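In: Fold the stuff below for me.
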Amino acid sequence: MVKAIILVMLQQQTVEESDKIRKIQGIVDGYPVFGHYDYVAFVDMPGLEKVGQIADKIQKLGFVRYVETLIER
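Out: Numbers count the residues shown, from 1 in each chain. Sure thing, here's the model as predicted:
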C-alpha cells in the first residue's frame, strides 16, 4: 500500500465545497487547514498510479487551483 498526503490550494471562498474532496474513493481522511494550502487529503492506495489518479480527480474539481502530492516511502 502507498500512503500519500495531497495538499490542495482552493479558489477563494470555496472552503464549503472542499467536502467533495473527502468523498473521492481512496481518500481515507481530509480536512481544511490554514496556511499556504487550504485542504489536506490522506490517501492509502495499492500503487503510485492510483495515487496519481486521485490527485488528478482532485485537480479537475472546478474549485481547485493547485495540488501537491507527498508520498510516504
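In: Hmm, residue 66 is touching residue 6, no?
Out: No. Between residue 66 and residue 6 there is no contact, the gap being 10.8 Å when judged by CB atoms under 8 Å. Every residue, glycine included, has its C-beta placed from N, CA and C.
In: what comes up buried for the longest helix seen in the chain?
Out: Across the chain, the longest stretch assigned as helix under DSSP state H is helix 48-59. Buried residues in helix 48-59, counting neighbours by 16 or more other CB atoms under 10 Å, are found at 50, 51, 54, 55, 57, 58.
In: still on that earlier bit, which one of residue 66 and residue 6 has more residues nearby?
Out: Neighbours per residue, other CB atoms under 10 Å: of residue 66 and residue 6, the larger number sits with residue 6, 23 against 12.
In: Relative to residue 17, how far out is that one?
Out: Taking CB to CB, to the nearest Å as the measure, residue 6 falls 16 Å from residue 17.
In: next one: residue 28
Out: Between residue 28 and residue 17 the distance, using CB to CB, works out to 20 Å.
In: Of those two, give the one with the bigger neighbour count.
Out: residue 17 (15 against 11).
In: Check the secondary structure at that one for me.
Out: Here residue 17 is recorded as helix under DSSP: H, G, I helix; E, B strand; the rest coil.
In: In contact with it, which residues?
Out: Residue 17 makes contact with 10, 61, 63 under the criterion CB atoms under 8 Å, 6 or more residues apart in numbering.
In: Let me know the closest of those residues to residue 23.
Out: residue 61 (10.7 Å; CB to CB).
In: Secondary structure element holding the closest one?
Out: Secondary structure from DSSP states H and E places residue 61 outside every helix and strand.
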